[in-house]
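**Q** next comes the sequence, and after it the predicted model I'd like to discuss.
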Amino acid sequence: MGALHVVCPHCDGVNRVPPERLHDRPKCGVCHRPLFDGKPLELDAARFPQHIAKNDLPVLVDFWAPWCGPCRTMAPAFAQAATRFATQLRLVKVDTQAQPTLAAQYAIRSIPTLVLFRRGREVDRVSGALPPAQLDAWIREHLMEAVRREA
């Protein structure tokens with residue numbers, strides 16, 4: 001398997017990283033900051049397309065809003081998942097109140113809604129707050145499915 005394209009969470013530069021080097025704390029070739037920091041990435045409409053279309057890693061987007069109780073309840077589990085799955089997929093947050101065009105573009109009808117993208121295409125979504133164990137199970141299921149498809 002060739003190098004993976006990984007979009008930098010800091011400068012949005014696209015980096016080529018061999019899969020066997022993902023766990024070696026790779027740094028961006030443009031800004032020299034870490035490509036994986038174990039935190040969900042906050043995106044706006046300007047940065048969103050680059051991360052969805054240019055990442056070879058799956059991207060899991062949490063569409064949420066600050067006034068949403070279930071969104072705030074799920075936020076710690078999502079942040080913990082970003083740490084556990086840091087080199088396997090990119091976890092992203094989009095504030096639907098601040099980014100209504102993105103919410104409309106992806107037909108977000110309720111929040112929180114998680115949307116999983118792979119190579120620029122939506123592959124699944126789930127609405128409603130997921131407890132930590134269920135969130136991890138959902139992520140693992142989709143990661144294993146992606147591995148089976150590539151085999």
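**A** All right, it came through fine. Just so it is clear, the model here is predicted, and its values are computed rather than measured.
**Q** tell me where the protein has helices.
**A** Secondary structure of the chain (DSSP state H): helices at 48-54, 69-84, 100-105, 132-150.
**Q** so which of these gets nearest residue 118?
**A** helix 132-150 (6.3 Å; C-beta to C-beta). From N, CA and C alone the C-beta is placed, and that goes for glycine too.
**Q** quick one: distance of that closest one to the chain centre.
**A** 13 Å (C-alpha atoms, centre = their mean, to the nearest Å).
**Q** next: stretch 106-122.
**A** Stretch 106-122 sits 10 Å away from the centroid of its parent chain (C-alpha atoms, centre = their mean).
**Q** same check, this time on stretch 46-60
**A** Relative to its parent chain, stretch 46-60 has a centroid offset of 8 Å by C-alpha atoms, centre = their mean.
**Q** for the least confident helix or strand in the chain by mean pLDDT, packing partners?
**A** Across the helices and strands of the chain, mean confidence by mean pLDDT, DSSP states H and E is lowest for helix 132-150: a mean of 83. When contacts are defined as 3 or more C-beta pairs under 8 Å, 6 or more residues apart in numbering; DSSP states H and E, helix 132-150 packs onto helix 69-84, strand 113-118, strand 121-127.
**Q** that helix vs strand 121-127, what angle?
**A** Interaxial angle of helix 132-150 relative to strand 121-127 (axes from the mean of the first three to the mean of the last three C-alpha atoms, to 10 degrees): 160 degrees.
**Q** low-confidence ranges, the protein, go.
**A** 1, 146-151 (pLDDT under 70).
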